[in-house]
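Engineer: The following block contains a protein sequence and its predicted model.
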Amino acid sequence: EQVKARVAQVLAAIELTHRADVRISRLSGGQRKRASMAVELLLAPPALLLDEPTSGLDPELETTTMALLRRLADEGRAVVTTTHAMG
């Protein structure tokens, strides 16, 4: 039950709850990137180091992803990322 609760918590944090029963291969590129972050977030690390987490995303998904990273940082987690995004 603890594992299920943690998975649900992480899916909510990365806004993928509605896609929880979908195979990774059927997710969009942006959803796959968020799912990849979710794997790391399961263990509640104190810091995230991300290399170009928005590369290949359209501007809207880029903005959404950066907002997600901001939210994770606001929750007290250190977030360090490289990006070429200028927005």
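Structural biologist: On my side now, so go ahead.
Engineer: Tell me the bridge partners for residue 79.
Structural biologist: Counting by DSSP bridges, residue 79 is bridged to residue 48.
Engineer: Count the residues that sit near the closest residue to residue 13 other than its chain neighbours.
Structural biologist: Spatially, and ignoring its direct neighbours in sequence, residue 13 is nearest to residue 41 (6.6 Å; C-beta to C-beta, 6 or more residues apart in numbering). No exception for glycine: its C-beta is placed from N, CA and C like everyone else's. Other residues lying near residue 41 total 19 when counted by other C-beta atoms under 10 Å.
Engineer: Now do residue 41 against residue 11, distance only.
Structural biologist: Separation of residue 41 from residue 11 (C-beta to C-beta, to the nearest Å): 10 Å.
Engineer: ok, now which ones touch the residue nearest to residue 13?
Structural biologist: 10, 13-14, 48, 72 (C-beta atoms under 8 Å, 6 or more residues apart in numbering).
Engineer: just curious, which of these is nearest to residue 3?
Structural biologist: In terms of C-beta to C-beta, no member of the contacts of residue 41 lies closer to residue 3 than residue 10, at 10.8 Å.
Engineer: What distance do you get for that closest one to residue 59?
Structural biologist: Per C-beta to C-beta, residue 10 is found 26 Å from residue 59.
Engineer: Neighbour count: those two, which is higher?
Structural biologist: Neighbour totals were compared for residue 10 and residue 59, and residue 10 leads with 21 against 10 (other C-beta under 10 Å).
Engineer: May I have the residues that are in contact with the more buried one?
Structural biologist: Contacts of residue 10 were listed using C-beta under 8 Å, 6+ apart, and they are 38, 41-42.
Engineer: Kindly list the longest helix within the chain.
Structural biologist: For the chain, the longest helix by residue count, based on DSSP state H, is helix 59-74.
Engineer: Tell me which other helices or strands that one touches.
Structural biologist: With contacts taken as 3 or more C-beta pairs under 8 Å, 6 or more residues apart in numbering; DSSP states H and E, helix 59-74 sits against helix 2-13, helix 29-41, strand 47-51, strand 78-82.
Engineer: so where is this protein shaky, pLDDT-wise?
Structural biologist: Along the chain, the parts satisfying pLDDT under 70 run over 85-87.
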